[in-house]
Structures are given as structure tokens and as C-alpha cells.
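Colleague: no FASTA, just this:
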């Protein structure tokens, strides 16, 4: 007898990729059944051959060498061979690699076993892959089907299965036409199944590889097919039902795994004397996918009795009555709450509407006041081109009366008149734009351009007040997201304020600089710097409050309104004293989101 | 119209400057354009006949500054017509007090502009003639002999020949003779004219006579 304290070692030799869903289910079920095994601790060693993607023959010498190196000093109790390539590998090398180890195999089709090659004391859980049963279920669901389409792959395992299917379906040839799509690449398959009439029965076996050698995960192929197919798809594999096949006669992978685990356990318990060459079967049964049945509009009552319907939502009412009642109570309660909130929201919206209206009125009024302050210089601005037009007209009058009339000069004069007229119109347009009562409209805008235009409104006033007005604009400033007129209004307010502040300075010390710069990743900043007396420290925080003013005249509303506007844009405004005397007022605006290309 | 004179246009607004230049040239004037007061100070030959059309509001030296500068330098010999985009009363008053010829608001009616310029040039011409006459007379006074000059100063202070003779240590007859020569040289006919001239030249009661007796 083996020493009870010695651990049992089990090598799991998987012929394909052990991470495919079916093998994960089987593997974890097997390990779970062995976990309860209390006599000995079980250590698992996992060796994937992945024969679907890497042909065994090519790699065999290296793989054998690797196995020899790994296991030459390790006694192995059981080798679990999963799928046919693993079984074949064990037949060839098992004896030398793992001497004395017993073989337990599963996931091999019953009619695919060459029993002569299987070691005498092996135990196998064979797979039925009930293609017949699956086709029978299909025919029950679609009694009028006259056409059966079988989809399979081009790998060795695929071909074994396909051969089996050809065999099984030979009896159907009398009642339906049977067509095999062997190893078709997925895109072609999808086009084909999408064009198939709904009455066709499609049986999907497996596709580990297509005829171009492209490897696939069979479950993913199923998923793609069920998404595209116009006709229902059936499969003898449990995982394919989950991936969207309508129904099939399937063996439970979990059951298979558990069953295999029990065989391993029996071997470990009984040691070398355990009976061998037992070939066992897991029963297959009907499983259907309720969603898939619905998708292809099939009546589940046609399914054989006792067919397990998975992914159904309909028994919900029955099973969860009280939960549903509770949920409904919550929903009703929430409904009432929402209704209450809705009423409140409407009230708030009315209030917001009013406050928006007041905001619009207030900003408009402020613009009118600001433009009023500029009216004298705007009149001046306007009188320049008007004066020029008058002079030119007078000159033209004289030149036309000359003998001979000096028409060439008159033509030049007319050109100049047009230009001056345009200039006057521009002045009026700028003026009018600021006076318009416009909706608050946030758009992407060029901040530098807005500053330049505001400066043109201010130029004349600055020159009247003998102020040197300069701009320093960051040419790489991105667009900001703001209402253009209101941004100009803020600049206007700050600039007029600064001009007023410099009133008492000697003429050569009146400098007003408007700068633009990028504040950070998300904001741009405009600053207005003057050379006035500055703002007393105790006033710095208060200058943006309404009716607070450091000026002799004015209501102190310009800065308060500016703050309201800037904050309505999501920016902020601040005042500080500049080191050289004078004040700096700055505000920020959010940058426009980058334009998608 | 024979060479009506030069109009100096000082205005920073290019299109206004050009248009007024064009109008005045069409009306037969010679025109010189300046885009700033500084440029005018540098370039203008002030003694030419004509007038200045001066914009009130300009960057740098304003029109009023320029007027003041010309007054300070004693160069304001050309009449100044001020122009403004909009006339405000305080500015107008300042300009007129400093001797401006006129004050116009843009846009200016063509007739008014031409009439004002013409009148300003005329006034300039009169002023110039007056100044020339005075200069001439000042030159004549300067050409008197030292003794004649002493006699001149005492005469315009109302001294009698006898008093003058005693003051200068001379005799009445010699003083009479000097007076006769003075009237000849200054081309004057009467004592009243002599006193009026002295007043115009600022020689009445101002300084003591250059070589005044030290008593």
C-alpha cells in the first residue's frame, strides 16, 4: 500500500487548448470532485499539447524531451488524457515518461477509439457526441425542413466529427438534402448562413481550424453564426448551446469532468489493482436555449419531454413573486418621489427662466452704460470718415466743374468715398453689436480676435484720454467656449474701469495693457493692467461686489456684472495690485473642447 | 486767384487728411500734409504765407500741445484753425484763448471750410503785413544815433525841449535839430505818431534809455 502521507500526483495532458470553455468546465469539475478526496493530497500537473494549433508530430521529439526532463525523477500516479491527440500521445510515450502511471481519458468519441492501442488498464469516459439525437431534436422543431446544412472545420478533431456526422446523416438523405460546409472560412460561412432560408436546419459541429489553416475557438464560431444566421442552428455541444445554438442533445461537460474525477479517485484508492479498460459514458440529454428559440421563432412545446430549457426569463414571476412585489412598491414610491421632484424642477425652471431673463436684462443694461461712456469717442470715430466723405464730395464737385472736368481724380475720389463709407458702417456695426439684446449663446470663439475688436471700440477713447493702449496676445491661444459679446463686455468693463483709474496720472504715465494667455490645460486668461493708483489691499476682495467702487463717479456695477458674466461661463475673476503700482484684473474662460477631426 | 497761400494740414487720420488736402488743392491752395504734430514741428517753414488746419486729438502731441509749443517758441505766426471729431466746449475755449483763428467740428461743410481757410489766410496776411511794418519801424528806431535815441526816449516821456537840453547838457536849438532828424528818419509827421509808434514797439516807460544819464 502507498504511504498515506505521500501526495498523489496527477498529470492532466490536454490534447487541445485547455482554456477552451468546455475544457475549463470539465477541468474545474474534475478538480472539484478530487478536492473532497481526503486520503491523500492531490497535486496536479498540467501539460497542454495544443494539437489543434501545433501539430504533434512536428514538436513531438522536443515535447518528449521536455516531459522526460520534467518527470524523470517524479513518480506520477495518474495521467488524465483529454481528447484523442492526448490519448495517442500517451499510447506512444506514456509508459516511458510516466512509468507505472494509470491512464484515465475523456473527451474522446466512442467510435474514435482504437481499443487495441489503449493501454490495458486504462479507464475512459467516452463522449457520445450525440449528433443523431441533435438532428432528431432539430427535426422535431422544424418538421417541414427539407434541407440540412452541416458546418464543420478542417482540423483533425473537426474531421473525425464530420465523418461521424456523414455516417449518422446518411439515413436522412431520403427526407432532406444534406450539405456539408467543411472548413469554410468564417466570413464566407456568415454570408452563407445569413442567406439560408429559415426552414433550413443548420448543424454546427466544431471548427478548430478552417481550410486556410486559420485557428478558431469553436464556441466563438458558434456565437458568430447564431448572430448572423437566418436559420436555426443546432449543436451536440453544451457550450455551443450557451453560445447561441437553439438546441442539441448534449453531454454535460460538468458531469463529464466530475465523472472523470471519480475515476481518478477510484484509481488512487485501489492502486494498480483497480480494474481496467472500462469504457464509461456520460448520458446526453436535450438542452435548448430559450433566447435562441425565440430568435428563430420556434415553439418550445415541440421539444422532447424533459428537455432542459436554459436562459429563460419566464418563470421569473412565479419564482420571485415577493421580490417583485417589493420591487414594485419601491418603484411606486420612487415614482411619487420623482413626481414631487418634477414639480419642484418645474418651479425651479420657471425661476431659472426668470433669473436668465434678469441676467440678460442686467448684462444688456451694463453694455448700454459702457457704450454710453464711449459714445463721445465713437462719435469722433464716426465723424472722421464722414468728414472725409464730405471733403471728397466737395473736391469732386470742384473737379467736375473744371474745364475740362478732371474725371480721373473724381474716380479716385469715389473709391475713397466708398472706403470711408465702409469704415463708418463698420464703426456702427461694432457699436450696434454691443448694444444688441442677444440670447446668451456659448460658442467656440477666438479670444484674441474678440480682444482686438474690443480694443478698436476703445482706441478712440484711449487717445482722447491720452492713454497708451496696448495688447499682448498669445498667438497660439486655442479657442475658448464663450458668448462673444459678453466676453467683449467684460473686457470693456475692465478697460473702462482701468481708464477711469488712470485719470489722475500724468499723461505719460497712463498705460493700459490687455493680455491673453493660456492659464492651464483647460483655461485661457485675459488680464487688464493699468498704471493707476492701484486698489487698496482691503478692497481687493470686494471690488467685484455691487455698489463697491473706488471711483468718484459710477455705481460700481461694471465689475460686479463682469464677475456674474465670467462665473456664468465657468471662469473666475480676480483683482490684484501690480508690483509697479496700478492694478491687474484677470479673468479666465474655459477652453473649447478640441474639435474632432 | 493769385497764389492764395499754403495750408498746413496736421491730422493723424489718413483719409481725412488726404480728402481735405484734395479739396483744398482743387480750390487752388498749396497744401502740405503732416500726420503728427511732431512731424509738423520738424518740417514746417513757418514764415510762409498760409494757415494751419490742426486736429485737436492726436496721439503724441495733441493739437493744443502744438499750439502751446508754437506760442512758447514765439513762432505762432500762422493762424490756426482747429478741427475736432466732436467739439467739446472746454477744449474750444482753451484753443480760442490761446489765439486760435477758428474751431471747426468734423464733418465740416465744404463752403464753411473753404471760407474759414480763406479768411484765416487773409488774417494771416494782415498780421504778417502788420508785423513787417513794425519790424521796419523797429529797424528805423534802431538806426538812430545814440544821441537821437536819447532824445527820442525823453520826447516820448513827454519832456519839453528845454528840459531835454538841460538833461543832456545841451542847448534847446540842438535838441530841436535832433527832433527834426528823428522825425525825418522815422518818417513821422507829428508828435502823436511818434508816441503811438513808441507804444507799439513797447518803448514807452519800459526800460531806461540804453545810455541813460546816471543822475
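Modeller: Received the coordinates, thanks. From a predicted model like this one, the values you see are computed outputs, not experimental measurements.
Colleague: and residue A:269, what does it touch?
Modeller: Applying C-beta atoms under 8 Å, 6 or more residues apart in numbering or on different chains, we find residue A:269 in contact with residue A:39. Where C-beta positions appear, they are placed from N, C-alpha and C, glycine not excepted.
Colleague: look up phi and psi at it.
Modeller: Note on residue A:269: its backbone torsions stand at phi -70, psi -40 [degrees, to the nearest 10].
Colleague: per-residue confidence for it?
Modeller: Per-residue pLDDT puts residue A:269 at 80.
Colleague: residue A:471: what secondary structure?
Modeller: State at residue A:471, reduced to three classes by DSSP: H, G, I helix; E, B strand; the rest coil: strand.
Colleague: residues near it, how many?
Modeller: 14 (other C-beta atoms under 10 Å in any protein chain shown).
Colleague: bridged to it, which residues?
Modeller: With DSSP bridges as the criterion, residue A:471 is bridged to residue A:514.
Colleague: so residue A:543 sits against residue A:535, correct?
Modeller: Yes: counting by C-beta atoms under 8 Å, residue A:543 touches residue A:535, with 6.0 Å between them.
Colleague: show me the contacts for the closest residue to residue A:469 other than its chain neighbours.
Modeller: Nearest non-adjacent residue to residue A:469, counting by C-beta to C-beta, 6 or more residues apart in numbering or on different chains: residue A:462, 3.9 Å away. When contacts are counted by C-beta under 8 Å, 6+ apart, residue A:462 touches A:468, A:469, A:499, A:512.
Colleague: wasn't residue A:462 part of a helix?
Modeller: Yes: under three-state DSSP, residue A:462 sits within a helix.
Colleague: distance of it from residue B:54?
Modeller: Distance of residue A:462 to residue B:54, computed by C-beta to C-beta, to the nearest Å: 21 Å.
Colleague: repeat that for residue B:65.
Modeller: 10 Å.
Colleague: over to residue A:84?
Modeller: For residue A:84, the distance to residue B:54 - C-beta to C-beta - is 111 Å.
Colleague: same check, this time on residue A:320
Modeller: Counting by C-beta to C-beta, the gap from residue A:320 to residue B:54 is 96 Å.
Colleague: residue B:119 too?
Modeller: 16 Å.
Colleague: name the residue in the two with the higher neighbour count.
Modeller: residue B:54 (29 against 15).
Colleague: tell me the secondary structure for the more buried one?
Modeller: Under three-state DSSP, residue B:54 comes out as strand.
Colleague: residue B:69 is in contact with that one, correct?
Modeller: No: with contacts counted by C-beta under 8 Å, residue B:54 stays clear of residue B:69, the gap being 11.5 Å.
Colleague: max-length helix in chain B?
Modeller: Longest helix in chain B by number of residues, with DSSP state H as the criterion: helix B:110-142.
Colleague: that helix and chain A in contact?
Modeller: Yes: contact of helix B:110-142 with chain A (C-beta under 8 Å from any C-beta of the partner chain) involves B:110, B:113, B:114.
Colleague: in that helix, what's buried?
Modeller: B:110, B:113-114, B:116-118, B:120-121, B:124-125, B:137, B:140-141 (16 or more other C-beta atoms under 10 Å in any protein chain shown).
Colleague: and those residues, which is closest to chain A?
Modeller: residue B:110 (3.1 Å; C-beta to the nearest C-beta).
Colleague: the closest one contacts residue A:396, doesn't it?
Modeller: No: using C-beta under 8 Å, residue B:110 is not in contact with residue A:396; the gap is 10.2 Å.
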